[in-house]
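# can't give you the sequence, but here's the structure:
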């Protein structure tokens, strides 16, 4: 391993101690003592490396290298410090470590930047303790409201605001003015998919984050005795559901990238071997990078389901409970990322993100783009999460070069 | 309502008191105090009507009218006295009441029969308290062994043998010789399906009870992130399952009567909206009156699933855990039943039973046939179970005429 590889792995292992879970992986839930320990360790590390540090009111941690020429133009990089329960060592924290390493290297080699460089360790992204995701980036972007979290509690019934206070943070009476100094945000993250691994590449330059629509589909037929009800008399909810699911997934497969469609959950009632099912429920998760295409496909699927319900003699209820638009990344930053990968011979591809990230929140607020590194077998949110040291280092290199162009070039 | 209708309804209501459940319907589980009360009430009623009564060692109750000319040729009729929890008022007990009414009427009109007439109130058929079904008829047929039940207990952990003893019954040290006197068994039962209702008929003459094969099908694919895994990289267990289920049920529908096929139960893992399912499990319940056809269809379905698994890139495991042959009813008794329905203008059809009954046990032991009456909306095992008084009466009439021919004609 070269020096960057060794140092990245060392820092990943170091930060993983905070929340190291005897049951496996890292569990670092928002405002827990493991979370506090990780933020404090990062703060100390930043200070040792010459960053000036501060927290915002909700606990996002920032480390700042003031720009010499344009101190009010901030180039920001980082990711989230929280994990899911029994999560991996890379999701989130690798992006913070990579930003710290990139900025430290730049400072050592080139001294003070022209524009301000700032690393962020977002308090929360996963939504794994409280039913609220993107708390950190939403607060920075000025779209989180304290009313959003004042009524919510964790799985033990512990209130959000109390957890926040115990971790040492307090809402301001008057909300802060949104920041106007951030001119670029770049987030480095693991892919959580296997596209880069399949294609043998080190880095993904993310041009957009998919939009998602999620549905619950309920089919009501008629429960009947499995032996005494001839096929012709049945209103079999599972038969109708199997027709719909097959059609939808076949169609999605034909359609291909960047569309993905998942039927992740099925529930059957009464779910007994010798009763013709009277009810079937399934979920649909449809994602696309293009809003018009996402709408077109979900419309097509809805029509198919309606037709199948009517020919199957069952009742259909389709409930769309999530509708998030795709988020395109900033063209100018993408150009920087592509150019730097090419110039430094880092094997990369332009790709989309099928998962959600802080960048989708930031992109609505400031020019934003993302970099990916491979995830072995596409696994994440799991102790098995792994990225090879050379890929970790290539990610750090790509980010370093990009931040150089963004913060050191006139 | 005519006299027979009124009397049948009265007796159904009377017997339903024993086990009348405040939560709905009748709950009369084997060897419970409700069960004991019902058997004792039936015994007393039989005695009042001039039957000589006795129990066998496990609690089947018999009422006997000795034959004048062929006392060792017994024409038996009856059904089971137990119910499922919150069952209906007709499943089982209607067949006992009808046999009692038929024999009483014959005795009143024609005096002592030439052959012995015997009504049976089988202790158990449903398997709803202990994991053992057909306990009553299996004991009479000599195929129940005390070893079968010595290790089993009910849902409260109460042992079978202890429940039996508390109800006053004890295994003999030496098993009794199987009876050789029974020359005909006729069981009248509700259809538990809606064929007779759909066709506007009062009575079904059951020519066979279906064979059943039950399977659990397990599909192993690969769990993946619903957003970051392109369609082409997926091994989606639900996609493969939907293809199989659709194919199988479409094929069963094309095939039509008397084949029925049910996918009653589906389980998906991890069963989460945003994860491509790594596992899917479903059950198959396939029934047919013809053994060769049952085997041919299950073979065809197995081949289809194997093909689909291989084209879908998933692993397949098919476990057949029930394989019961169809049971044909006795031709001579069927002729009697058909002839009597025709002669007395009872609207009937020859049909099969898609559900299991004591008759399938008895048929392997003695010449056996069944009669059905309609079930409203095909509902059974439910407080909503209902048969119209005129249909109840037509069933009693058909049985009365058949028993007359079997027991009173030389």
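That came through, no problem. If you're wondering where the values come from, they're calculated on a predicted model, not measured in any experiment.

# Who are the contact partners of residue A:362?
By Cβ atoms under 8 Å, 6 or more residues apart in numbering or on different chains, residue A:362 lies in contact with A:137, A:140, A:141, A:185, A:187, A:368. All C-beta spots, glycine's among them, are computed from the backbone N, C-alpha and C.

# My guess is residue A:226 contacts residue B:260. True?
Yes - judged on Cβ atoms under 8 Å, residue A:226 makes contact with residue B:260 at a distance of 6.7 Å.

# Show me which positions of stretch A:351-369 end up buried.
Across stretch A:351-369, burial judged by 16 or more other Cβ atoms under 10 Å in any protein chain shown covers A:351-363, A:365-369.

# still on that earlier bit, so what sits against both of residue A:226 and residue B:260?
B:285, B:287, B:354.

# Give me the subset of those residues that also touch chain A.
B:285, B:287, B:354 (Cβ under 8 Å from any Cβ of the partner chain).

# From the shared contacts of residue A:226 and residue B:260, which land in helices?
Among the shared contacts of residue A:226 and residue B:260, no residue falls in helices (DSSP state H).

# So which residues of chain A form helices?
A:3-16, A:33-48, A:93-110, A:135-140, A:146-150, A:160-166, A:195-199, A:237-255, A:291-312, A:331-343, A:358-362, A:389-408.

# Can you flag the weakest of those by average pLDDT?
With a mean of 91, helix A:146-150 has the lowest mean pLDDT of these.

# on contacts alone, who are the packing partners of it?
Contacts defined by 3 or more Cβ pairs under 8 Å, 6 or more residues apart in numbering or on different chains; DSSP states H and E place helix A:146-150 against helix A:160-166.

# May I see the buried residues of the helix it packs on?
A:160, A:161, A:163, A:164.

# do stretch A:105-121 as well
Buried residues in stretch A:105-121 (16+ other Cβ under 10 Å): A:105-107, A:112-121.

# Also stretch A:46-56?
For stretch A:46-56, the neighbour count (16+ other Cβ under 10 Å) marks A:46, A:49, A:51, A:53, A:55, A:56 as buried.

# Pick the one among those residues closest to chain B.
residue A:56 (28.8 Å; Cβ to the nearest Cβ).

# I figured that closest one hits residue A:120, correct?
No - in this structure, residue A:56 is not within contact of residue A:120 by Cβ under 8 Å, at 9.4 Å.

# so what sits against both of those two?
A:62, A:140.

# Up against chain B, what does the stretch 251-400 of chain A have?
A:252-253, A:255-266, A:268, A:271-277, A:280, A:283, A:285, A:287, A:353-356, A:378, A:380.

# Could you work out the end-to-end span of stretch A:268-284 for me?
15 Å (Cα to Cα, to the nearest Å).

# quick one: residue A:20 and residue A:28 touch, right?
No - if you go by Cβ under 8 Å, residue A:20 and residue A:28 don't touch, sitting 9.2 Å apart.

# who's more crowded, the two?
For residue A:20 versus residue A:28, neighbours defined as other Cβ atoms under 10 Å in any protein chain shown are more numerous around residue A:28 (31 against 14).
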